[in-house]
Every structure is written in structure tokens, then in C-alpha cells.
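1. Here you go, sequence then predicted model.
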Amino acid sequence: MKAIMDALPYLWAGLQVTAYVFVIAIIIGFIIGLIIALMRLSPWKVLNWIAKIFVDAIRGTPILVQLFFFYYGLNSLGIISLDRTSAGILTVAINAGAYFAEIIRAGIQSMDKGQTEAARSLGLTNVQTMRYIILPQAFRRMLPTFTNQAIISLKDTSLLSVIGIADLTQKGQVVIAATFKAFEIWLAVGVLYFIIIYLLSLLSSYLERRYELR
Amino acid sequence: MSLIEVKNLKKSFGNAEVLKDISVTIDKQEVVCVIGASGSGKSTFLRCLNRLEEITSGQVVIDGQDITAKDANINQIRQEVGMVFQQFNLFPHKTVLENIMLAPMKAKGITADQARQKAEALLAKVGLKDKAGSYPNELSGGQQQRVAIARALAMNPKIMLFDEPTSALDPEMVGDVLDVMKQLAQEGMTMVVVTHEMGFAREVSDRVLFIDDGVIMEENKPSELFADPKHERTKAFLSKIL
Ligand SMILES: Nc1ncnc2c1ncn2[C@@H]1O[C@H](COP(=O)(O)OP(=O)(O)OP(=O)(O)O)[C@@H](O)[C@H]1O
Ligand SMILES: [Mg+2]
């Protein structure tokens, strides 16, 4: 117990990094997902193809390989230089984006055609129809699936420790290297991850209640 | 002056020709009912009038504008043509008032205050003043359909299209909706109504179109069409439903 108490300030710092990386990555990932989903549903075949290739490429490769590709691979070209945190955020964001894209696409496609027809028949444009009618309803329905993916992405951030990002997992390793209390520290790290994930699911069910499904 | 002019309209879905050379003109303030068997093309015809379906060939002219022309502003034209659907298609995530206010604000750019005033007046007109804050799923089918009519009217359309507006309703709700439509007709709205309500067609419409297998088989004043159908197909159809 004392080992855990002593480690807490370090773990707390790691937790903050984890939370920071996660929040930024999930916001960027959501925007990527929305863009890719709209590309997949657009009437332009080229956009469909680009979007499909993107989603297949990301879903068809391990996230660890993607991380190495963005951090070591891209940097080795010498054209751009990504620091660890940017590479880590980018990896998690792109990964989440690919899955979000599929969730959003399915959500939009599951909407009743009558909603679009009613909106268009009133003279709303395609974009207005998406923005005011289709997306708000689709997002509400997707909320539980979104939460699932967000939780997966949060867990994915622990992989970023391998490129040296000082997240919760990495801080755990550092503390253990100094104290040799592997059992206590990994238990504490696990509990901390569990707490954030639990808070996330609380937030999700709050939103589900706040925006009642109609 | 004719408000709707349809010339040699053809519409195919893949290889199936659903509308085969339809020509008809509808005057301002006219109320036209469209009747016909299931699958004969009534809905498709109606949906070609506001380009919810792209036509295969021919011309649809609404208030002097060819709606299929390359430079036609279809969103502008649709503001002039209200549509009421069999399944209501209200926006379930918005209140009754918001359903009615949305399009005038977003498509026409009028202020929220003006939109609210208009919406409240229309709700009073369809007898649902007290439902402004309700969500669609809290209303009966008949109430939802009257909201849908109010929503379409909020754009001040010149034409109202109805696709079987009472077919999805419990029998006891049908009357309220038909009453609203009757009142609209009396106020001089130009209306095209696909319906199985022969009583409504007889009482309210100026003309009835009988569509059979993608063509207008027969059209006439309701009194004559119902009393003295000329075509065998019309007779057969009427004998089945009357
Ligand atoms: N989007 C579509 N794709 C393919 N075929 C279609 C489509 N919409 C309609 N059809 C076909 O066109 C024909 C006419 O359909 P339409 O809905 O216009 O008939 P209707 O007269 O309105 O029938 P009902 O009284 O059942 O509503 C039908 O055979 C239908 O299967
Ligand atoms: Mg129909």
C-alpha cells in the first residue's frame, strides 16, 4: 500500500498525459471519421475509393505497426519531423477515425429515407438536411457504439508507452524499475485505467438519458 | 393560368417503365385527386412533381419554371411545393413547433420570432395549438399528419402534394385530417392528392385522374368519372373499391 501511495504522484502525472492524448486523439478521430464517412457516402466514386482504402488499410493493420510507421517510418524520410506525442496522437486519432467512419456511415445509412425526403421537399439543401435532420439523429443512435470505440481508443493509448510517451503505462514501468513492486504498481495502474473508463461510460449513459431516443 | 404542366413525362426504374408518357396541366386553385391500383405509379407521378424522383424524359413545369432544367434551383422550387407523406415523416428529435419552424428559418432565412408566430398560427389552424411543445412520438397518427401539413404550409407553398395522407391512420383519425385538407381546398390552395378516399375525391376535388399501369387512363370531373366511367379499366377499378 505504501508503495502505491508513494507512486501515486508519478502515476497521476502519467494519467494526465494519457487523458490529454486521449481527448485530443478522440476529437481529431471524430472529425476524421465524419469526413471519411461522408466521403464514403458521397456520389463521387473517387472519394468513395479513397475513403474505403483508408478504412481498410487502418483496420487491416496492427495499431503498433501504424505507430512505428508514423513515428519511425515517417521521420526516417526526413521530410517532416513528428515528436513522440504528435505521432502517438496521430496514430490513435487515425485508428479511431477509421472505426468511427464505419460507425457513422452505418448510422447515416440506417436512417429512414423519409426523413431526407421530408427535409428536401421543404427546400432544405443536402448539407442542411445532413446537419439538422440526419446527423443529430444518427449521432444519438450511435452514442453507445461511439462510447465503445472511445474506450478501445483509450486502451490503445497505453501502447504509446513503447515510443516513450510518458503516459500512465510508461510511468508504471518507470516506477517499477525503481521500486521492483510490479504487483502493486500494475494493479494500481489497472485500477486507474478502469476508473477513467468507468467515468467515460457514466458520461455516455448521462448523455443517453439527456438526449432521449425518440 | 396553369401552375403545373407535365409534358410527355416518362419515368423508368432500371428496365421497368413506371410512368409512360404522362401529360397533364393543373390550374391555379385546382384540386386534383389521383386514384389507381397499387403499383400503378401514383406516388412516382407525385414525386416527379417536386423532383424527389429524377424523371427519365419529358418536362415538368411548375409555375413557369422547368424543374428539370440544368439551371433550375430545385431547392427554391421545392419551397413552392409542399409535400405530405403517408408516413408523416416528422423529425422525431424536434418538437412540434421546431418541426414547423425549421425550414422557414434555414431555407428562407426568416427570424426565429417570425417563424414561431407563423408556426403557432398554423398549429391553431390545424387544431393542435396545445401540442407545440410535444414531440412527434407523443402524438397520435392523425395529430402527426396535421403537424406535417402545418410544416409544409409554413413555407407558404403555392402547391400542396399529398401522397395517401390518411392511409396510415386509424379510421377514427381520418376525418380530422380530411377536414384540414378540405379547408385548405376552400381557401384556394392548389392541391394534388393521391388518395383512396373516394368520398373526399367526390366532394372536394375538381378533377380526378385515374392512373393505370403508368398512364392516365381517364380524367374527368369526379361526378362524371364516378357515375359514368368510360374505360373498362376504370370501371373495373371503381367496382372494386366503391
Ligand atoms: N425506387 C424504386 N425503385 C424501383 N422500382 C420502384 C421504385 N419506386 C417505385 N417503384 C416501382 O414503380 C411502380 C410504381 O410505384 P408507385 O409507388 O408509384 O405506385 P403507387 O401507385 O403509388 O402504389 P401504391 O398505391 O401501392 O402506393 C411499382 O411497380 C414499384 O415497384
Ligand atoms: Mg404510393
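-> Done, it's in. Numbering: from 1, shown residues only, chains lettered A, B, ... in the order given. Ligands and ions are numbered 1, 2, ... in the order given.

2. CA atoms for contacts and neighbours, from now on please.
-> Will do.

3. Any buried residues in stretch A:43-52, and which?
-> A:47-48, A:51-52 (16 or more other Cα atoms under 10 Å in any protein chain shown).

4. Might you list the low-confidence residue ranges for the chain?
-> Reading this off chain A. Counting by pLDDT under 70, chain A contains no low-confidence range.

5. that's the other chain; I wanted chain B
-> For chain B, the stretches with pLDDT under 70 are B:1.

6. again, 80 this time
-> For chain B, the stretches with pLDDT under 80 are B:1, B:242.

7. On the three-state scheme, B:Ile26 is what?
-> Following DSSP: H, G, I helix; E, B strand; the rest coil, B:Ile26 is assigned to strand.

8. go on, the one 3 residues further on?
-> Judged by three-state DSSP, the three-state class of B:Gln29 is coil.

9. That one: neighbour count?
-> Other residues near B:Gln29 come to 19 when the count uses other Cα atoms under 10 Å in any protein chain shown.

10. close enough to count as contact, it and B:Gly188?
-> Yes: applying Cα atoms under 8 Å as the test, B:Gln29 and B:Gly188 come out as touching, 4.8 Å apart.

11. Could you tell me the phi and psi values at A:Ile165?
-> The phi/psi pair for A:Ile165 (degrees, to the nearest 10) reads phi -70, psi 130.

12. Surely it and A:Ser86 touch.
-> No: using Cα under 8 Å as the test, A:Ile165 is too far from A:Ser86 to be in contact (9.9 Å).

13. Between these two, which is the more surrounded one?
-> Between A:Ile165 and A:Ser86, counting by other Cα under 10 Å, A:Ile165 is the more crowded of the two (24 against 15).

14. who's in contact with the more buried one?
-> Shown in contact with A:Ile165 (Cα atoms under 8 Å, 6 or more residues apart in numbering or on different chains): A:84-85, A:88.

15. rerun at 10 Å
-> Listed by Cα atoms under 10 Å, 6 or more residues apart in numbering or on different chains, the contact partners of A:Ile165 are A:14, A:17-18, A:21, A:83-88, A:157-159, A:171.

16. which one of the residues you listed sits closest to B:Asp113?
-> Of all the contacts of A:Ile165, B:Asp113 sits closest to A:Val21, with 43.5 Å by Cα to Cα.

17. Could you count how many residues lie near the closest one?
-> Counted with other Cα under 10 Å, residues neighbouring A:Val21 total 23.

18. mind checking the longest helix of chain A?
-> Selection of the longest helix in chain A by residue count, based on DSSP state H, yields helix A:2-41.

19. Surely A:Ala182 and A:Ala7 touch.
-> No: the criterion here is Cα atoms under 10 Å, and A:Ala182 misses it with A:Ala7 at 11.6 Å.

20. quick one: common contacting residues for the two?
-> A:172, A:175-176, A:188.

21. What count of nearby residues applies to the residue of chain A found nearest ligand 1?
-> The nearest approach of chain A to ligand 1 comes at A:Lys113, 10.9 Å away (Cα to the nearest ligand atom). If you count neighbours by other Cα under 10 Å, A:Lys113 ends up with 11.

22. same deal with the one 5 residues further on?
-> When neighbours are counted by other Cα under 10 Å, A:Ala118 registers 25.

23. quick one: which of A:Ala182 and A:Ala7 has more around it?
-> For the pair A:Ala182 and A:Ala7, the greater number of neighbours falls to A:Ala7 (20 against 15), based on other Cα under 10 Å.

24. Return the residues of chain B in contact with ligand 1.
-> Selection of chain B residues close to ligand 1 by Cα under 6 Å from any ligand atom yields B:13, B:18, B:37-44.

25. between the residues you listed, which is nearest B:Val126?
-> Using Cα to Cα, the shortest approach to B:Val126 within those belongs to B:Ser43, at 24.7 Å.

26. who are the neighbours in contact with that closest one?
-> By Cα under 10 Å, 6+ apart, B:Ser43 lies in contact with B:34, B:53, B:85, B:162-164, B:193-194.

27. For the residue in chain A positioned nearest to chain B, which non-adjacent residue is spatially closest?
-> Residue of chain A nearest chain B, by Cα to the nearest Cα: A:Gly123 (4.4 Å). Using Cα to Cα, 6 or more residues apart in numbering or on different chains and skipping the chain neighbours, the partner closest in space to A:Gly123 is B:Asn75 (4.4 Å).

28. Which of the helices or strands spans the one you found?
-> Element membership of B:Asn75 [criterion: DSSP states H and E] is helix B:74-79.

29. Please name every helix or strand in contact with that helix.
-> Counting contacts by 3 or more Cα pairs under 10 Å, 6 or more residues apart in numbering or on different chains; DSSP states H and E, helix B:74-79 packs against helix A:113-121, strand B:65-66, helix B:96-108.

30. ranking the ones you listed by burial, who's on top?
-> Each of the helices and strands packed on helix B:74-79 was assessed for mean neighbour count using mean count of other Cα atoms under 10 Å in any protein chain shown. The highest is helix B:96-108, with a mean of 23.

31. Pull out the C-alpha coordinates of that one and format them as PDB.
-> Provided in PDB are the C-alpha atoms of helix B:96-108 (Å, rounded to 0.1, in the frame of the first residue of the first chain):
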ATOM      1  CA  VAL B  96     -43.800  20.000 -33.000                       C
ATOM      2  CA  LEU B  97     -43.100  23.700 -33.000                       C
ATOM      3  CA  GLU B  98     -39.400  23.100 -34.100                       C
ATOM      4  CA  ASN B  99     -40.600  20.800 -36.800                       C
ATOM      5  CA  ILE B 100     -42.600  23.600 -38.300                       C
ATOM      6  CA  MET B 101     -40.100  26.400 -37.700                       C
ATOM      7  CA  LEU B 102     -37.000  24.700 -39.100                       C
ATOM      8  CA  ALA B 103     -37.400  25.100 -42.800                       C
ATOM      9  CA  PRO B 104     -38.700  28.700 -42.800                       C
ATOM     10  CA  MET B 105     -35.700  29.600 -40.700                       C
ATOM     11  CA  LYS B 106     -33.000  27.600 -42.500                       C
ATOM     12  CA  ALA B 107     -34.300  27.700 -46.100                       C
ATOM     13  CA  LYS B 108     -35.900  31.100 -46.200                       C
END
